[in-house]
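Trainee: Sharing a model that was predicted from the sequence below.
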Amino acid sequence: MAIHFNDRLARILDDTSHNRRHDIWRWLQLTTNNVQLSGDVNQPGMRSTMTHVISSTPGLSEIIKNKETEQLLPEKCLEWINEGKRQVEWLSSKLRERMTFSDSIAPLTSGLTGKDLLIASIDLWTINIKQKGSFLNELENSWNEHKKGDKQFKWFEDDEQKCLLAGKLINKHIPLDGLLSITLSAYQPIENHENLLTFFDHANLNQNQKSLFIERVKISWRQQKYRKNLTGKGQYNFILSDKAIARLDKLSETYELSRAKILDILLKMESEQNRYIPERIKLLKDES
């Protein structure tokens, strides 16, 4: 956001509505012109440092102002870059693909990370400003189109445990060539939905591979839930007469409960009341 400022640097550059983005660009622009500046970009006192250098170097202020017109797009062209770390990671990767090695500003940017580094890279990129604007428009459209693929990961959105499980299964089920495309900055522990989306933003996988992995996670999740539900339960195999099975099925249908639940209720009630089995044993003894 622009802030009205009237310090010496503002007067030298005829710009009283400076902002932090412009200050970062000016610092990097001076550095690319082999101007010696003490310290790193984005540090406290950087305006004072730049004021001293520009005011003591004839013609430098005009160079800066001309370069600003040539390189800096209006703020509105960058306003859409506001969706956080995942977006910055994705946009940065696309920018690196488009830039040549000579366009890279990495050696100049000690002190810059994340969105600041991305914006500075765009600002200092030495291509025609109309081409730069067109590229950003294309990039915005590509980002919006890319996000449409997020719907296939919606199943993970409501429970971070699902995301943690996906993280554990990645090395087991993702092909090695799919992992090799992940940059170290993007390869972070998958602990939430955004981590998961960021990982798949950069993985070299086609749609079928992504869908297959998601299905494997879902299967593993259901298996975990099933095993958890078996806690405190055991499986027994025994033979019932056809008549007993028919009775059990009728009770199950009447009360809309599973066979196992009906048996569980009957056993619990008999255990508590000790009513029917003793009577039945007595009848059997009398009959014999």
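Mentor: Cool, got the structure. Residues are numbered from 1 along each chain as shown.
Trainee: in the stretch 1-150 of the chain, which ranges drop under the pLDDT threshold?
Mentor: Scanning the stretch 1-150 of the chain for pLDDT under 70 picks out 1-5, 17-18, 101-110.
Trainee: And the helices in it, which stretches?
Mentor: Per DSSP state H, counting those that start in this stretch, the stretch 1-150 of the chain carries helices over the ranges 8-12, 20-32, 46-55, 60-71, 85-98, 114-124, 129-147.
Trainee: Run the angle between the second one and helix 46-55 for me.
Mentor: Taking axes from the mean of the first three to the mean of the last three CA atoms, to 10 degrees, helix 20-32 and helix 46-55 form an angle of 50 degrees between their directions.
Trainee: Counting neighbours, which bits of helix 20-32 end up buried?
Mentor: 21-31 (16 or more other CB atoms under 10 Å). Where C-beta positions appear, they are placed from N, C-alpha and C, glycine not excepted.
Trainee: from those, which is closest to Leu248?
Mentor: Closest approach between the buried residues of helix 20-32 and Leu248, by CB to CB: Arg21, at 73.7 Å.
Trainee: How about the contacts made by the closest one?
Mentor: Contact analysis of Arg21 by CB atoms under 8 Å, 6 or more residues apart in numbering lists 75, 119-120, 123.
Trainee: Quick check: of those residues, which lies closest to His146?
Mentor: For the contacts of Arg21, the nearest to His146 is Ile119 (19.6 Å; CB to CB).
Trainee: Distance to Arg275 for the helices of the stretch 1-150 of the chain - can I get that in TSV?
Mentor: Formatted as TSV, the helices of the stretch 1-150 of the chain follow (distance: least, CB to CB, whole Å):
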stretch	distance to Arg275
helix 8-12	94
helix 20-32	81
helix 46-55	87
helix 60-71	90
helix 85-98	64
helix 114-124	72
helix 129-147	64
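Trainee: among these, which is nearest Pro189?
Mentor: helix 85-98 (13.7 Å).
Trainee: now the closest one: how far from the chain's centre is it?
Mentor: 13 Å (CA atoms, centre = their mean, to the nearest Å).
Trainee: Quick check, central residue of the protein?
Mentor: For the chain, the residue nearest the mean C-alpha position is Glu194 (2.5 Å; CA atoms, centre = their mean).
Trainee: For the closest residue to it other than its chain neighbours, give me its contacts.
Mentor: Sequence neighbours aside, Arg86 is the residue nearest to Glu194 in space, at 5.4 Å (criterion: CB to CB, 6 or more residues apart in numbering). Residues in contact with Arg86, defined by CB under 8 Å, 6+ apart, are 194, 197-198, 201.
Trainee: And those, which of them are buried?
Mentor: Using 16+ other CB under 10 Å, the buried ones in these are 197-198, 201.
Trainee: now, which of the residues you listed sits nearest Leu139?
Mentor: Nearest to Leu139 among the buried ones among the contacts of Arg86 is Asp201, at 13.9 Å by CB to CB.
Trainee: Quick one: closest of the helices of the stretch 1-150 of the chain to Asp159.
Mentor: helix 85-98 (19.0 Å).
Trainee: Farthest pair within the contacts of Arg21?
Mentor: Maximum pairwise distance in those, criterion CB to CB, is 14.4 Å, between Glu75 and Ala120.
Trainee: Between these two, which has more neighbouring residues?
Mentor: Neighbours per residue, other CB atoms under 10 Å: of Glu75 and Ala120, the larger number sits with Ala120, 21 against 12.
Trainee: just checking, Asp40 touches Gly111?
Mentor: Yes: shown here, Asp40 and Gly111 form a contact pair, counting by CB atoms under 8 Å, at 3.7 Å.
Trainee: so who does Ser56 touch?
Mentor: Counting by CB under 8 Å, 6+ apart, Ser56 has no contacts.
Trainee: Phi and psi next, for it.
Mentor: For Ser56, the backbone dihedrals (degrees, to the nearest 10) come out as phi -100, psi 0.
Trainee: coming back round to it: any chance of the buried residues of helix 20-32 in TSV, plus distance to Gln223?
Mentor: Formatted as TSV, the buried residues of helix 20-32 follow (distance: CB to CB, whole Å):
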residue	distance to Gln223
Arg21	51
His22	56
Asp23	55
Ile24	51
Trp25	54
Arg26	58
Trp27	55
Leu28	53
Gln29	58
Leu30	60
Thr31	56
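Trainee: That concludes my questions; thank you for your assistance.
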